[in-house]
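A.B. asks: sequence below, structure please.
(chains A and B)
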Amino acid sequence: MTKHYGRVLALDGAEFTVYPGEVVALIGDNGAGKSTLVKTLSGTIRPDSGEILIEGKPVRLASPLDARRHGIETVYQDLALAPDLDAAANLHLGRELYLIPFLRVLNRAAMRERAVAAFGELGVSLPDVTAPVATLSGGQRQSVAVARAALYASKVIFMDEPTAALGVLQRERVLDLIRRVRDRGISVVLISHNMPEVLAVADRVEVLRMGRRVAVFTAAQVSVEQLVGAMTGALEVTAALKTASADVDNGAGVSRSGDAGTAGGTS
Amino acid sequence: MTGGGPDTPGITGAQPDPSQAPAQPGSATGGSTASAATATSGPAEPATAVVSAEATLRTDSRAQEERAAAQDRAELRRASLGRRLLRRTITANESWTILALIVIMAFFTIKAPGTFLTTNDLSLIAQNASPLLVMAIGQTFVILTAGIDLSVGSVLVLSSVIADEYYQHHGAGSGGWLTVIIGMVIAIAVTAAWGGMQGFLVAKAKIPPLISTLGGFGAALGISYLITGGVDLGSPPGPVKNTIGAGSVAGVSWLIVISFVATLVFGLILSYTRFGRYTYAIGSNPEAGRRAGIAVDRHLIKVYALAGALSGLAGIMSLGFNDGTTLTGHTTDNLTVITGVVLGGASLFGGRGSMLGTFIGIFIPQVLNSGLVILGVNVDWQQVAIGVVLVGAVYLDQFRLRLRDRAG
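C.D. replies: The predicted model follows:
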């Protein structure tokens, strides 16, 4: 997959794989191409070259609606909720249920019930599905956005920094929500800067650097230092999982390029 | 829904979870310890320790969350419709508008018992306000999308000029119902197209509504002057003049019937149909609408076309009521209408407002006016009062919006 913006190469043969029913974290430093990659996979932008395979079949995602038709939903960082509408209305925005379909008369009771059921299933606790979303807390809003994606996604949900703006407890709730979504058989792609969070919730981690996938880890067998190392290029490892010394931190330009062979797929 | 009180912005409300308490290091509950672990985990932390700490505590906090969730669901089931309604009533803007209207009416009734609020008086107020009310319906839709339509008064004039021009060429005052209806359909079709064009400029050409409709305001009036040569056209046919303009059904003026029925119908459309919901959604967050697959541009064009068509209908009503066109009489209608809609609680930032609010908001200046006349107070005070109230209303709206955004 490649994508140019003018002369800037945002994606330089990046690859990315999602398996059914897993949480996979996509990490990378700022400008590594995470957002671009996710946008191409959710149909927002079209790649210059490369292909997207869903269950082995190549597909063209010309728009977010296309992606949606393939069971792919996206939770945007800014959530894309209408703050003056209630949670039930936001959940059904663009997919309303009708009482009298011919006149486009809404079935508000049915949408409310479906919303309560959807939130209940995911363990999301909202005070009132008929209160405007603007009156909810950040975490509750995030939950509404995630629940909406979960209600319609049949295969994959992309989540761009879902916990970035949240407090500690709300963050925990959202991470739990992500696990519950996965337990329902929907894969979740989590884009995050928070390494402990990534390790806490993800099954696998794919690392993007300068528009390429540079590493793939199993979350259970990797440490924060290794992730950071792979992200910054300080550590070019995949297979040989060495125990990194504890003082490697985000900004440290410690060169570890001698460690092992380069990782990951390019195409 | 802990107790069903008014929403408390800024507080995570309603989650009776013990771990909601601020996470204090060393606090005993599993939830807060887990969160403390997450909080301290900067990139430089010895991460393995953090992760394992979280893992052991996860089960604990999760069980707690599930209990909390179950409690919430139970509470939600118990939350009565009545309580929800009560909260809605307190927080809804139109409640304050209704209250204001009641206070004004009570004041004048006490001050001038027996003269104010007579049936005749009310009926006259309602008749005068009818064309304004019809224009305010369209204006409400436009303002809900975070737009504004300054063209309404001129479009009203354009409609009455087009219809009357047709009537003058088809039997003038002696035209029958068929002629009347044809003229009406032409006038409303033209004004709907006019509104649609303004909507196109707003949605597609990205010209701010203030400017597109200000241009439309001037141009529509200009065309009206060009058609008539600047001289008002004479009497429309009987059905327009005597029935729509001056007739009544079961003792109620047709003007009132038309405007009230239109308000009801479009109020229902606003509240109960997809068209209404998309109008709110677009005004609330157009990007959310777009991502949800709503054809935002097309919807905006429809909304402005609707506003144009309703101004067109108001033009026919005005033509009958005034027994001819009134080229110079509507230059400030737009301000009157916008004032009414805003007094009715609609937010100029879009997404909030209601048809009931607009209905009441339109009548406040009218009632005030009539009351001041009866009391013998200089009517110009009405304009002063409305001006102050209007600015105050918008200030309150902005204040509330700021509170809300801070709550996020």
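A.B. asks: which residue is nearest the middle of chain A?
C.D. replies: Against the mean C-alpha coordinate of chain A, by C-alpha atoms, centre = their mean, the closest residue is residue A:159 at 2.5 Å.
A.B. asks: which of the three states applies to that one?
C.D. replies: The assignment at residue A:159 comes out as strand when based on DSSP: H, G, I helix; E, B strand; the rest coil.
A.B. asks: is it in contact with residue A:186, as I believe?
C.D. replies: No: between residue A:159 and residue A:186 there is no contact under C-beta atoms under 8 Å: 11.4 Å. In short, each C-beta sits where N, CA and C put it, glycine included.
A.B. asks: what sits opposite the residue nearest to the centre of chain A in the beta ladder?
C.D. replies: Residue A:159 has these beta-bridge partners by DSSP bridges: residue A:75, residue A:190.
A.B. asks: where's it relative to residue A:81, distance?
C.D. replies: Note on residue A:159: its distance to residue A:81, by C-beta to C-beta, to the nearest Å, is 14 Å.
A.B. asks: ok, residue B:142 next?
C.D. replies: Using C-beta to C-beta, residue B:142 is found at 23 Å from residue A:81.
A.B. asks: who's more crowded, the two?
C.D. replies: Using other C-beta atoms under 10 Å in any protein chain shown as the criterion, residue B:142 and residue A:81 rank with residue B:142 on top: 31 against 27.
A.B. asks: residue 120 is in what secondary structure piece?
C.D. replies: Because you didn't say which chain, this covers chain A. Assigned by DSSP states H and E, residue A:120 belongs to helix A:108-121.
A.B. asks: that's the other chain; I wanted chain B
C.D. replies: Assigned by DSSP H and E, residue B:120 belongs to helix B:119-144.
A.B. asks: residue A:188 too?
C.D. replies: Taking DSSP H and E as the definition, residue A:188 sits inside strand A:187-191.
A.B. asks: check the offset of that strand from the chain's centre.
C.D. replies: 4 Å (C-alpha atoms, centre = their mean, to the nearest Å).
A.B. asks: which other residues reach that strand?
C.D. replies: By C-beta atoms under 8 Å, 6 or more residues apart in numbering or on different chains, the residues outside strand A:187-191 that reach it are A:18-27, A:34-35, A:38, A:41, A:155-162, A:178, A:181-182, A:198, A:201-202.
A.B. asks: and those, which are buried?
C.D. replies: The neighbour-count test (16 or more other C-beta atoms under 10 Å in any protein chain shown) marks A:18, A:22-27, A:34-35, A:38, A:41, A:155-162, A:178, A:181-182, A:198, A:201-202 as buried among the contacts of strand A:187-191.
A.B. asks: per-residue confidence at the nearest residue to residue B:381 once chain neighbours are set aside?
C.D. replies: Residue nearest to residue B:381 in three dimensions, not counting chain neighbours: residue B:372, with 6.0 Å by C-beta to C-beta, 6 or more residues apart in numbering or on different chains. pLDDT recorded at residue B:372 is 84.
A.B. asks: tally of neighbours for residue B:372?
C.D. replies: Applying other C-beta under 10 Å, we find 17 residues neighbouring residue B:372.
A.B. asks: for it, give me its contacts.
C.D. replies: B:378, B:379, B:381, B:382 are the contacts of residue B:372 under C-beta under 8 Å, 6+ apart.
A.B. asks: secondary structure element for it?
C.D. replies: helix B:355-375.
A.B. asks: for residue B:104, same thing?
C.D. replies: Assigned by DSSP H and E, residue B:104 falls within helix B:93-111.
A.B. asks: next helix or strand past the strand holding residue A:188?
C.D. replies: Scanning forward in sequence from strand A:187-191 by DSSP H and E, the next helix or strand is helix A:195-201.
A.B. asks: which secondary element of chain B has the worst mean pLDDT?
C.D. replies: Ranking every helix and strand in chain B by mean pLDDT, DSSP states H and E puts helix B:30-40 at the bottom, with a mean of 37.
A.B. asks: pLDDT at residue 249, what is it?
C.D. replies: As the question left the chain open, I've gone with chain A. 33.
A.B. asks: chain B, not that one
C.D. replies: Per-residue confidence for residue B:249 comes out at a pLDDT of 88.
A.B. asks: also residue B:7?
C.D. replies: 39.
A.B. asks: for the nearest residue to residue B:316 once chain neighbours are set aside, pull up the helix or strand it's in.
C.D. replies: In this structure, residue B:316 finds its nearest non-sequential neighbour in residue B:184, 5.4 Å apart by C-beta to C-beta, 6+ apart. Element membership of residue B:184, judged by DSSP H and E, is helix B:177-203.
A.B. asks: which strands and helices sit next to that helix?
C.D. replies: The contact analysis (3 or more C-beta pairs under 8 Å, 6 or more residues apart in numbering or on different chains; DSSP states H and E) places helix B:177-203 against helix B:152-169, helix B:209-228, helix B:296-321.
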